[in-house]
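Colleague: generate a structure from the sequence data that follows.
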Amino acid sequence: MIKKYTLDNGLRIIAEKLDYVKSVSFGIWVKVGSVNENNNTNGMSHFIEHMLFKGTSNRSANQIAEETDNIGGQMNAFTSKDCTCFYIKVLDENLDEAVDILSDMFFNSKFEKEELEKEISVVIEEIKMYEDSPEDVVHDKLSEIVFKNSTLAYPILGTIDNLKSYTRERVLDYKKEQYSPERTVISIAGNFDEDYLVKLLEDKFGKWENNLKTELEDSDSEYTRNIVGIDKELEQLHICFGTKTIGRHDDLYYPLMIMNNVFGGTMSSKVFQEVREKRGLVYSIYSFASNYAENGIFGVYAGLAYENLEEAIKTILEEMDKMKNAQITEEEFNRAKQQIKSNFILGLESTSSRMSSIGRRELLYNEISTPDEVVEKINSVQLEDIIKISKMIFNKENFTAVYTGNLKKHKNLQGIFEKLL
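Modeller: Numbering: from 1, shown residues only. Got it, this is the predicted structure:
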């Protein structure tokens, strides 16, 4: 059973007790990501995530690592567009130590100037690594165009120029402004004593005061399609095209998930089978859907030879037309539903995945859904729902396209995209 507790300062605790396991996963979720940033602070949320591992007033960075290893813990963190999460997984007997380590990092990190300067260099190298990955480049550029004039357009890592401008004072001011108990959820899944857990978290987090003055209000501008090429000396062409779509709360969210599975989400999907397996036009191809509170993005990625571009796009568009025209078999539809259900249920086999599921849902969508409720929503999707969402999305006049490769050598690529899209 999943239980919810709210401390006097507004911090929420979501706990799922699992008596049959010997582990426990503990996560601190903060509703702060690149959507909270502006042109000058872009990248700050991700940078703070890094800095919380660099030493506290009680522990050095090395001591944080050693103490985590001493209890056999697995600790990490990540930043997304709409949240930051710090988490640790340990044996149930070591929950006290795990909470102490993570709460110490969360509240007592020193942000020393020397460590800050070193971490700026580390994140700059992380940005360069992403820039060397053409698949990441086209995905980020597609999001930038689709979400133009919205903070969803900002890259999570930020920019090199921004990073070089960071000072200790600016970073701490941003953390103080953005981190708040009312914007935070603690999620825990595994074997634990519920009464003791609440008292422990009250002790560690109950005195945290709210500094948040206003909630984030993101502007969502009118979407305008575009076709953009990025010149890189690559042996292979990388393309990504897609459009803005529905948000996480929309009634068609689960139909979208199933439609994506049928169209390009698996090795048995339509575009994978037709474009790669039958015609051999690409090495990698898949479709994807990323959904946020109010909107999302649907797209297709492919890595292919330059000379195969036109035939590959034509084939992808033909498969989209088939979806719109209800050329989906019951077998394909049922297989996709089963895969979505299986992926969801199998993903809940560990305490860390269950902690992540309940924490993210509460933080971003203010909901607690049991596995049975999610499965019921998937089961209730009808074939006509798939056709409806396909007709909404598969309109090539709305597609933005981004491609990267050797544009100096292959000068006809823009014309091909403009002709077909």
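Colleague: list the contacts for residue 299?
Modeller: Contacts of residue 299 were listed using CB atoms under 8 Å, 6 or more residues apart in numbering, and they are 139, 142, 240, 241, 242, 243, 287, 288. Quick note: C-beta positions are derived from backbone N, CA and C, even for glycine.
Colleague: which residue sits closest to the one residue sitting closest to the centre of the chain, ignoring its sequence neighbours?
Modeller: Central residue of the chain (CA atoms, centre = their mean): residue 80, 5.1 Å from the mean position. Distances taken as CB to CB, 6 or more residues apart in numbering place residue 33 nearest to residue 80, at 5.2 Å, with adjacent residues excluded.
Colleague: the one you found touches residue 83, doesn't it?
Modeller: Yes. If you go by CB atoms under 8 Å, residue 33 and residue 83 touch, sitting 5.3 Å apart.
Colleague: I'd assumed residue 270 was in contact with residue 322.
Modeller: Yes. Between residue 322 and residue 270 there is a contact under CB under 8 Å: 7.3 Å.
Colleague: between those two, point out the one with more neighbours.
Modeller: Higher neighbour count among residue 322 and residue 270: residue 270, with 23 against 16, using other CB atoms under 10 Å.
Colleague: which residues sit in contact with that one?
Modeller: If you count contacts by CB under 8 Å, 6+ apart, residue 270 has them with 262, 263, 264, 319, 322, 323, 332.
Colleague: what's the pLDDT at it?
Modeller: As predicted, residue 270 sits at a pLDDT of 97.
Colleague: quick check, residue 225 in a helix?
Modeller: No. Counting by DSSP: H, G, I helix; E, B strand; the rest coil, one finds residue 225 to be coil, located in no helix.
Colleague: which residue ranges of the stretch 151-300 of the chain form helices?
Modeller: Ranges of helices within the stretch 151-300 of the chain are 160-165, 168-178, 194-205, 253-260, 270-271, based on DSSP state H, counting those that start in this stretch.
Colleague: check the stretch 1-150 of the chain too.
Modeller: 44-51, 61-70, 95-108, 113-131, 134-146.
Colleague: ok, and which of those has the densest surroundings?
Modeller: By mean neighbour count, with neighbours taken as mean count of other CB atoms under 10 Å, helix 44-51 ranks first of the helices of the stretch 1-150 of the chain at a mean of 23.
Colleague: touching, residue 32 and residue 46? I think so.
Modeller: No. Assessed by CB under 8 Å, residue 32 is found out of contact with residue 46, at 10.0 Å.
Colleague: now residue 285: how far from residue 382?
Modeller: 28 Å (CB to CB, to the nearest Å).
Colleague: let me fix that: residue 28
Modeller: 39 Å.
Colleague: related to what we said a few turns ago, quick check: phi and psi on the residue nearest to residue 80?
Modeller: Backbone torsions for residue 33, taken as degrees, to the nearest 10, come to phi -150, psi -160.
Colleague: all further residue positions should be reported with the first residue as 422.
Modeller: Got it, first residue is 422 now, which makes that one residue 454.
Colleague: next, count neighbours for it.
Modeller: The number of residues packed near residue 454 is 24, by other CB under 10 Å.
Colleague: and the one 4 residues further on, by the same measure?
Modeller: Other residues within reach of residue 458 by the criterion other CB under 10 Å amount to 24.
Colleague: which parts of the stretch 672-821 of the chain are strands?
Modeller: 703-712, 716-725, 821-826 (DSSP state E, counting those that start in this stretch).
Colleague: indicate which one of those is closest to residue 550.
Modeller: Smallest distance to residue 550 across the strands of the stretch 672-821 of the chain (CB to CB): 15.6 Å, for strand 821-826.
Colleague: other residues contacting the closest one?
Modeller: Here strand 821-826 has contacts from 555, 558-559, 562-563, 566-567, 646-653, 655, 657-664, 727, 834, 838, 842, using CB under 8 Å, 6+ apart.
Colleague: please check these and keep the buried ones.
Modeller: For the contacts of strand 821-826, a neighbour count by 16 or more other CB atoms under 10 Å gives the buried set as 555, 558-559, 562-563, 566-567, 646, 648-650, 655, 657-664, 727, 834, 838, 842.
Colleague: any low-confidence regions in this protein?
Modeller: Along the chain, the model assigns pLDDT under 70 to residues 633-642.
Colleague: redo that, cut-off 90
Modeller: 422, 570, 631-644, 714-715, 768-770, 788-792 (pLDDT under 90).
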